[in-house]
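In: next comes the sequence, and after it the predicted model I'd like to discuss.
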Amino acid sequence: MTTSSSFSLVAWLKRWPNGFIVAFVAVQLLLPLHYYTVRLDEHDERWAWRMFSPTRMVQCEVAFTVDGQPVATGREFHPAWGEIAVRGRRVVVEAMGAHLCRKHDGKPVVARLACRPIVARASLAPTPPGMSRAAWLRGPAYYLGGFDLCEIPEL
Amino acid sequence: MAKRAHPRRGKGAKPSKSTTTSATTSTAKPDASPEAAAPAAAPPPRPLPPARLVGEPRGRFWLELPWAKLVVFRFVFFGLMAVDAFLQLPHAPRYGAGGFNVPHFGWLPLPEPGRASITFVHAALCLLFALVAQGALVRVALPLATVLYGWAYFSSQLDSYQHHYLMWLLLVILCFAPRAPDPLPRGASPAAPRTVTSWAIRLALVQCAIVYLWAAIAKMTPLWLDGTALYIQVRDGWARDLIESIGFDRAAVMIVAAELFLAAALWIRKLWLPGFAVGVGLHVGIETIGLEIGLFSYLMIAVYLLLLPDVLFARPAAWLAPRLRVEVPPFLRHAAWPAALAAVVAAFVIVPLPLGAALVVVTAIVAIGAAVALLSGERSRGPRLAWAFVVAALVPIAVHATSDVADDYYRYWAGSSRRLGDQEDARRAYLGLLEVDPSSEYAHYHLGRQDLDAGKLDAALAHFQVAQRSAPKRGRSFFAEAELHLRRNEPERAKTALVAGLAVEANPQAQSLLTSLGGPPVQPEPTGPERDDDED
């Protein structure tokens, strides 16, 4: 029997399932830190357990142009991709841009995003008539894109 | 769920003391320990192999539960997963639509998902989870289901739901949960309460605790704590009124406090009962305020079954066990495989979705499992597997009968294909929808439009007329019929169709066309037009 004095952490970790448990818990504890420390796109909340976060409620107007002409994204992509793009997830917008670049070889593809986040109000009074709660609580827009994604593929 | 040859011991108990530690002891009969149960002449209990001796740090992670608790959890959790898998089917047509996809990890060489493959996966998951819920073929079905679920999730960012990611993590962990109770000590009464000792069940709870911890941390922002985020997301209703009376800011802080408490309570057995109350309350609340997250709240409530006192499971199990230990009548054994085949045929015929491939593959897996059991001398296992498969095949039939899954599947498929310009694919979807609902206005109208565009005027007219009978309050099939009559140079019939359409739905273009044909202005009835819902 292993005694406490001769206990070897390495040997213990090598024995099934100890190492698996430790690695699993460590990864799950640390992985969400990725969002807060190194992730460049704050709209991309995957793997961070940020359910119902205000960031998810950001709404972006996404407009693509090919060679200066507007693209009807609903005819190019399934609406579900449009919904993800509206939340501002850059990796999806970039992939949509890359798709358009392949389809329209040699022509500039530009994506412009105007994103409006949720902002705090002094009081959460009833919303003005005819306005949704989210619309009432949206702040000024910030902008992404505006350049040729075929030349610079990352937003 | 993994099967073990030997039980593990928890909390540093010596092997000779066996199951005398932890909460299960309170539920165990006094004669459950080997010393008490074994006759005086019986040999001593077999010692555990040295590698599993306790007094080592790893022993602290093991969790001992009544076997009945794990069985109830497994039935509820995987039963819900089976239903949820079937409910995911309408989303399948969005995969691969327009030849576009973004995987979660570009570097991971996963096959591209498409409508057919995702349909197959969710149909197979429905059957496999239903088998696991019954404890049938768990060793094969659960790892296979975990791989399929993982592929469906990770192959596309179309599924970015964090609760699906959590469910996949739980599936991975539960692959290592025991498939059978710990062996009884030698000489113990067969009626002794059965327990199960598992690190995987503990890890599943720890995983949930980590989720709560990070969910609470994520909410520690001004926009959550002042109630703004909650204010936007809670739907109208009594729950909103209640939160409003408390104050959105106070309710937001209470949610963070509840999540922090759960992050601790799931680790600490003494806090399980309050943890059960808080956790179930939180998820019932999430369901009540109308946040659309499928069956996630119910799945989490299933996880909370593990936190209920052991006695609630052990005592009924002790009472039920001898009563359930009856020989299966021969006619049920003989009828098992014919019933399984009948269930496959019934599911294939009754559910108008492309489930054939999944049914065949899962039937083959079950048949191979039964053959292996037969070869290894377990003659009674084959019929049991067959009956479990009968129950599994009833799940899609039952969910189809009580939901709009098939209707939505074809509508979303048709809507997606039409918008992306794939008319042939859209036609297949319309025809599929007619199998679900032969009088579907949606399908007949769009099939009529396709036929009209192709110059098949008689076929188009037939579709428009069925559409008009199915939805007499909807104008579009009347307007399309008018277009058709104008192509045939039949202005009077066009006028009649326009008047009929305008009587139920305002349409400026149709009105101006009617005016140009010399018809009167028509005011529609006050009822508004019905809408299409084909956008997934």
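Out: Noted; the coordinates are in hand. Numbering: from 1, shown residues only, chains lettered A, B, ... in the order given.
In: what about B:Ala406? Give its phi and psi, please.
Out: The main-chain torsion angles of B:Ala406 are listed as degrees, to the nearest 10 and equal phi -70, psi -40.
In: how far away is the spatially closest residue to it that is not a sequence neighbour from B:Leu89?
Out: For B:Ala406, the nearest residue in space outside its immediate sequence neighbours is B:Val436; the separation is 4.5 Å by C-beta to C-beta, 6 or more residues apart in numbering or on different chains. C-beta: built from backbone N, CA, C; applies to glycine. Here the criterion is C-beta to C-beta, to the nearest Å. By it, B:Val436 lies 12 Å from B:Leu89.
In: neighbour-wise, which of those two wins?
Out: The residue with more neighbours, out of B:Val436 and B:Leu89 and counting by other C-beta atoms under 10 Å in any protein chain shown, is B:Leu89; that gives 28 against 20.
In: Three-state assignment for A:Leu40, please.
Out: coil (DSSP: H, G, I helix; E, B strand; the rest coil).
In: quick check: phi and psi on it?
Out: Comment: the main-chain dihedrals of A:Leu40 come out as phi -80, psi -30, following degrees, to the nearest 10.
In: what of B:Val196?
Out: Backbone torsions of B:Val196, given as degrees, to the nearest 10, read phi -140, psi 140.
In: that one bridge partners, please.
Out: Bridge pairing for B:Val196 (DSSP bridges) gives the partners B:Leu65.
In: and it, how many neighbours?
Out: 25.
In: again with B:Phe261
Out: B:Phe261 has 18 neighbouring residues, counting by other C-beta under 10 Å.
In: isn't it right next to B:Gly275, touching?
Out: Yes. Judged on C-beta atoms under 8 Å, B:Phe261 makes contact with B:Gly275 at a distance of 7.4 Å.
In: just the helices in chain A please.
Out: Along chain A, the stretches classed as helices by DSSP state H are A:9-14, A:18-30, A:33-37, A:73-76, A:79-86, A:90-103, A:133-136.
In: which one of those helices lies nearest to A:Val58?
Out: Relative to A:Val58, the nearest member of the helices of chain A by C-beta to C-beta is helix A:79-86, separated by 8.8 Å.
In: and B:Cys175, its phi and psi?
Out: B:Cys175 adopts backbone torsions of phi -60, psi -20, taken as degrees, to the nearest 10.
In: on the pLDDT front, check the residue lying closest to B:Ser440 once chain neighbours are set aside for me.
Out: Nearest non-adjacent residue to B:Ser440, counting by C-beta to C-beta, 6+ apart: B:Leu433, 5.2 Å away. What the model reports for B:Leu433 is a pLDDT of 97.
In: buried ones in the helix or strand containing B:Val399, by neighbour count?
Out: Secondary structure here is read from DSSP states H and E; on that basis B:Val399 sits in helix B:381-401. Of the residues in helix B:381-401, those buried under the neighbour-count criterion (16 or more other C-beta atoms under 10 Å in any protein chain shown) are B:381-390, B:392-393, B:395-397, B:399-400.
In: just the pLDDT for B:Ala145.
Out: Turning to B:Ala145, the model gives it a pLDDT of 98.
In: thought it was touching B:Val132?
Out: Yes. B:Ala145 lies in contact with B:Val132 (C-beta under 8 Å); the separation is 6.8 Å.
In: give me the domain ranges for chain A.
Out: For chain A, the domain assignment from automatic domain parsing gives the residue ranges A:8-38, A:54-148.
In: and the end-to-end length of the shortest one?
Out: The first residue of domain A:8-38 is 34 Å away from its last residue (C-alpha to C-alpha, to the nearest Å).
In: how about stretch B:221-233?
Out: End to end - C-alpha to C-alpha - stretch B:221-233 spans 16 Å.
In: pLDDT weak spots in the chain?
Out: You didn't say which chain, so I picked chain A. Low-confidence segments of chain A, defined by pLDDT under 70: A:1-5, A:122.
In: that's the wrong chain, I meant chain B
Out: Chain B contains residues with pLDDT under 70 at B:1-59, B:292, B:526-532, B:536.
In: could you list the domains of it?
Out: Here the domain parsing of chain B from automatic domain parsing is B:67-182+B:197-319, B:405-516.
In: let me have the ones you listed in JSON lines, extended by distance to A:Pro117.
Out: Supplementary listing: the domains of chain B in JSON lines, determined by distance: least, C-beta to C-beta, whole Å:
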{"stretch": "domain B:67-182+B:197-319", "distance to A:Pro117": "9"}
{"stretch": "domain B:405-516", "distance to A:Pro117": "29"}
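In: just give me the neighbour total for A:Ala80.
Out: 21.
In: for it, which non-adjacent residue is closest in space?
Out: Using C-beta to C-beta, 6+ apart, the nearest residue to A:Ala80 is B:Arg94, at 4.7 Å.
In: tell me the centre residue of chain B?
Out: Nearest residue to the geometric centre of chain B (C-alpha atoms, centre = their mean): B:Asp84, 1.5 Å.
In: nearest residue to it other than its sequence neighbours?
Out: Nearest non-adjacent residue to B:Asp84, counting by C-beta to C-beta, 6+ apart: B:Leu295, 4.5 Å away.
In: so how far is B:Gln88 from that neighbour?
Out: Here B:Leu295 is placed at a distance of 10 Å from B:Gln88 (C-beta to C-beta).
In: also B:Ala317?
Out: With the distance defined as C-beta to C-beta, B:Ala317 ends up 33 Å from B:Gln88.
In: show me where the stretch 101-250 of chain B has helices.
Out: Listed in chain order, the helices of the stretch 101-250 of chain B (DSSP state H, counting those that start in this stretch) span B:115-133, B:138-154, B:162-174, B:199-218, B:222-225, B:228-233, B:238-246, B:248-265.
In: dump those helices to JSON lines, plus distance to chain A.
Out: What follows is the helices of the stretch 101-250 of chain B, written out as JSON lines (distance: least, C-beta to the nearest C-beta, whole Å):
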{"stretch": "helix B:115-133", "distance to chain A": "11"}
{"stretch": "helix B:138-154", "distance to chain A": "11"}
{"stretch": "helix B:162-174", "distance to chain A": "6"}
{"stretch": "helix B:199-218", "distance to chain A": "4"}
{"stretch": "helix B:222-225", "distance to chain A": "4"}
{"stretch": "helix B:228-233", "distance to chain A": "5"}
{"stretch": "helix B:238-246", "distance to chain A": "9"}
{"stretch": "helix B:248-265", "distance to chain A": "6"}
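In: any chance of TSV for those helices, columns distance to B:Arg419?
Out: Shown next, in TSV, are the helices of the stretch 101-250 of chain B (distance: least, C-beta to C-beta, whole Å):
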stretch	distance to B:Arg419
helix B:115-133	15
helix B:138-154	23
helix B:162-174	25
helix B:199-218	35
helix B:222-225	35
helix B:228-233	29
helix B:238-246	35
helix B:248-265	38
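In: packed most tightly, which of the ones you listed would that be?
Out: Burial among the helices of the stretch 101-250 of chain B, expressed as mean neighbours by mean count of other C-beta atoms under 10 Å in any protein chain shown, is greatest for helix B:115-133, which shows a mean of 25.
In: now for that helix, which elements pack on it?
Out: Helices and strands touching helix B:115-133, as assessed by 3 or more C-beta pairs under 8 Å, 6 or more residues apart in numbering or on different chains; DSSP states H and E, comprise helix B:67-87, helix B:138-154, helix B:356-375, helix B:381-401.
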